[in-house]
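1. Could you look at this predicted model? Sequence included:
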Amino acid sequence: MIYNHDFGAALRTGRQRCERATDSAMLFVATLLVGFSPSPGLADTLEQDRRVVQMTTRQFMALPKSAFASLAPRLIVSPLIAESFDALELATKLQEFGYQGRYRVVAKEVPNPELVAREIRFVAPAINFAIAGLKVTGPAPSDVA
C-alpha cells in the first residue's frame, strides 16, 4: 500500500517527450503517469527526473503504438476513475499495445478491490496489475469548519 502520497499531482505534461517518442530512439521511461490533475509543486520537484513522464488521458489514448513502444515504460500509474476514463479503458489500451509491465491504480477507497482486479486482469491478462490504496490524513471534509 502507498500511504501519504499525492498521486493526484501532475509531474510533467510529457508533451515534449511524447513528441520525441515518435523518433526511433527508445526513451526508457521508468514511470508513466496517466490522467492525474496538475500540481505545480510536484511538477517542479520531478521535472528533473527524465524517467518520469506524465500525460493526460487524451494524450495517452491518442498515442500511437510505436510512440508507446518508444517510451518503453516499466511502470504505469493512473487513478482508478478519472473524469474522462477508468482503469478498465486504460488496461484495454495497454493490452492493445502489447504491454506486459506493471500497471498500478491508485484510489482512496475501493469497496471490492478483488472484483476490480479480476476485471482488469480479464481484459489485460499479460499486465502485472495491482491497486495501491491511499490513506487520507487530516480531518474529514465534514469536520472542517
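-> Perfect, thanks for sending it.
2. contacts and neighbour counts: CA atoms only from here.
-> Fine.
3. helix, strand or coil for the residue nearest to Ile127 when sequence neighbours are not counted?
-> Among residues not flanking Ile127 along the chain, Gln100 sits closest, at 4.7 Å (Cα to Cα, 6 or more residues apart in numbering). At Gln100 the chain is in coil, as set by DSSP: H, G, I helix; E, B strand; the rest coil.
4. Pretty sure Gln100 sits against Lys93.
-> No. The pair Gln100 / Lys93 is not scored as a contact, 11.9 Å apart, by Cα atoms under 8 Å.
5. who touches the residue nearest to Ile127 in this structure?
-> Applying Cα atoms under 8 Å, 6 or more residues apart in numbering, we find Gln100 in contact with 126-128.
6. what number of residues lie near Leu115?
-> 11 (other Cα atoms under 10 Å).
7. That one should be in a helix, yeah?
-> Yes. Assigned with three-state DSSP, Leu115 falls within a helix.
8. per-residue confidence at it?
-> Turning to Leu115, the model gives it a pLDDT of 93.
9. Relative to Gly35, how far out is it?
-> 22 Å (Cα to Cα, to the nearest Å).
10. and what of Val105?
-> 11 Å.
11. same question, Pro111
-> Computed with Cα to Cα, the distance linking Pro111 and Gly35 is 21 Å.
12. Then Glu96?
-> In terms of Cα to Cα, Glu96 sits 18 Å off from Gly35.
13. higher neighbour count, those two?
-> Neighbours were counted for Glu96 and for Gly35 using other Cα under 10 Å; Gly35 has more, 27 against 12.
14. How about the contacts made by that one?
-> 55-57, 78-79, 82.
15. at 10 Å instead, please
-> Contacts of Gly35 were listed using Cα atoms under 10 Å, 6 or more residues apart in numbering, and they are 8-10, 54-60, 77-87, 90.
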